[in-house]
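Peer 1: next one to model:
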Amino acid sequence: MKRSLGCDHMIKVGISSMDLSFPKGLEMAGYILRKGVSAGYHDPLQLFCIYLNKNETEIAILIFDLLTVPKAFPKQIDCIRLIPVATHTHSGPKPSLVKDILESSAREALVKAKQNSANLNELIVKQSEISGICDFRNKQNSTKVPANLIEFKTVRQRFSITLFSCHPTVLGPENLLYSSDIAGAIRRKLQMKDGYPVVFLNSCCGDLSTHKTRKERSFAEIERLSDIFLEQYTPYVVYQTCVPERLSMKEIDFEVESVEKDIGGVSLNKRDLPGVMLLEQRGRLSKRERTTISFLMIDSLKFIFVPFELFFGFCNLVSSIAKFAFIVCYANSPASYVVPKNVKSGYEWLASPYADNTEDKLLSLISYELMCL
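Peer 2: Below you'll find the predicted structure:
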């Protein structure tokens, strides 16, 4: 237990959520093989805003039900530093087509989250393991995938972040309805069970998907898989603190090198076809590209927000460096797969435009920053 501090020195936190209103008829994102435009909604696409404040430090995490964060999304709103994240649904509009809607919605959600903010009295981390929802694409045996829950308690609100490594796609390219897919279903069912808001964030899932666990690509299958998640989700406490004291944020520029892929002699299968098409569409690349990595510290917890889609082993490496360090993917800007240097084939390798040493460079950067924090 920590000694209570004066109110002026406490972290304040608040949350808000809202449905995103997009017109139908827009091009959808996520599948190069998709034909047609959006025909409307199956379930709401949402925006969640988590507002954090201590003294002069104001931060907002914005979580959109989209494939990626649009390019050049604002870094600040009214001097509040932003960390925009996408849940990576493949059943939303192309982000660049709705950028103005996203920015105006973010402003509205931020005002509400700030109004809802109050002193953070308790911070809890719980962990669980889930099987049968997603699995490794390149392994035969079923694997238990960790799910982390970070719970925030104030005098006004209680809410949690569920951080789970799973490429969150049940629906396929034939679907033309807006949907938050399995991420939204897990979020809604946990909220009904617990009775308070739940935010879904994705982690290292580049080689984890529902490919082997789903029976079909349907809305009914989303319900079946999310029910399995709920049945198995029995988290236990691994960290708990009262009156957290520390809040800080740091942004680091990370430069990635792009390379031309030579697929001559590479063995291809049916699943690789979209990757080959992406490779052909990509055209000539900029030699180097700058991206942003955000580090958020809340007490002893460290959140690393990256724009990439990383393989699961990357999270394990980071966890071995810092116990309560959580990688959040699909943040800050649109980016592609970063694959381990020993991966030389497959859809993920074809889709990635980056040099073989990119994962090593990213791990080196994160390791150094974690040691300095």
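
Peer 1: which residue ranges form the helices in the protein?
Peer 2: All helices of the chain, identified by DSSP state H, fall at 99-116, 181-194, 219-232, 273-282, 312-321, 347-351, 358-372.

Peer 1: which of the residues in the fourth one are buried?
Peer 2: Along helix 273-282, these residues count as buried under the neighbour rule (16 or more other C-beta atoms under 10 Å): 274, 275, 276, 278, 279. Any C-beta I mention is one placed from the backbone N, CA and C, and that applies to glycine too.

Peer 1: next one: the third one
Peer 2: Counting neighbours by 16+ other C-beta under 10 Å, one finds that the buried residues in helix 219-232 are 219, 221, 222, 224, 225, 226, 229.

Peer 1: low-confidence bits of the protein, can you list those?
Peer 2: 1-8, 142, 283-285 (pLDDT under 70).

Peer 1: just want the most central residue of it.
Peer 2: The chain has residue 202 as the residue nearest its centroid, 3.5 Å off, counting by C-alpha atoms, centre = their mean.

Peer 1: contacts only, for that one.
Peer 2: When contacts are counted by C-beta atoms under 8 Å, 6 or more residues apart in numbering, residue 202 touches 87, 88, 163, 164, 165, 166, 168, 183, 328, 329, 330.

Peer 1: tell me the contacts of the first one?
Peer 2: Remark: with contacts taken as C-beta under 8 Å, 6+ apart, residue 87 is in contact with 63, 64, 65, 66, 168, 180, 183, 184, 200, 201, 202, 330.

Peer 1: distance to residue 119 for those - can I get that in a markdown table?
Peer 2: Converted to a markdown table, the contacts of residue 87 look like this (distance: C-beta to C-beta, whole Å):
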| residue | distance to residue 119 |
| --- | --- |
| 63 | 23 |
| 64 | 28 |
| 65 | 30 |
| 66 | 32 |
| 168 | 33 |
| 180 | 31 |
| 183 | 30 |
| 184 | 30 |
| 200 | 26 |
| 201 | 24 |
| 202 | 29 |
| 330 | 30 |
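
Peer 1: neighbour-wise, give me the winner out of the residues you listed.
Peer 2: The residue in the contacts of residue 87 with the most neighbours, by other C-beta atoms under 10 Å, is residue 66 (30 neighbours).

Peer 1: check contacts around that one.
Peer 2: Counting by C-beta under 8 Å, 6+ apart, residue 66 touches 29, 45, 86, 87, 88, 89, 92, 93, 95, 98, 102.

Peer 1: which of those residues fall within strands?
Peer 2: Of the contacts of residue 66, the ones assigned to strands by DSSP state E are 29, 86, 92, 93.

Peer 1: run through who's touching stretch 339-357.
Peer 2: By C-beta under 8 Å, 6+ apart, stretch 339-357 touches 138, 206-207, 256-259, 261, 263, 266-268, 271-272, 274-276, 278-279, 282, 285, 309, 311, 313, 336-338, 359-360.

Peer 1: and for residue 58, nearest residue in space, chain neighbours not counted?
Peer 2: Excluding its sequence neighbours, the residue lying closest to residue 58 (C-beta to C-beta, 6 or more residues apart in numbering) is residue 80, at 4.4 Å.

Peer 1: distance of the one you found from residue 306?
Peer 2: In this view, residue 80 and residue 306 are 21 Å apart by C-beta to C-beta, to the nearest Å.

Peer 1: those two: which has the busier surroundings?
Peer 2: residue 306 (26 against 16).

Peer 1: that older thread, among the contacts of residue 202, name the ones in strands.
Peer 2: 163, 164, 328.

Peer 1: now a PyMOL select for only the buried ones of the residues you listed.
Peer 2: Selection command for PyMOL covering only the buried members of the ones in strands among the contacts of residue 202, criterion 16+ other C-beta under 10 Å:
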select buried, resi 163+164+328
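
Peer 1: pick the one among the ones in strands among the contacts of residue 202 closest to residue 52.
Peer 2: The closest of the ones in strands among the contacts of residue 202 to residue 52 turns out to be residue 328 (C-beta to C-beta; 14.5 Å).

Peer 1: please name the bridge partners of the closest one.
Peer 2: residue 305 (DSSP bridges).

Peer 1: on that earlier part again, farthest pair within the contacts of residue 87?
Peer 2: Among the contacts of residue 87, the pair separated by the greatest distance (C-beta to C-beta) is 184 and 330, at 14.7 Å.

Peer 1: please name the nearest non-neighbouring residue to residue 248.
Peer 2: Here the residue nearest residue 248, using C-beta to C-beta, 6+ apart, is residue 297, at 4.8 Å.

Peer 1: mind listing what that neighbour touches?
Peer 2: Residues in contact with residue 297 (C-beta under 8 Å, 6+ apart) are 246, 247, 248, 249, 303, 373.

Peer 1: who's it bridged to?
Peer 2: Going by DSSP bridges, residue 297 forms beta bridges with residue 248, residue 302.

Peer 1: do you know how far it is from residue 310?
Peer 2: 21 Å.
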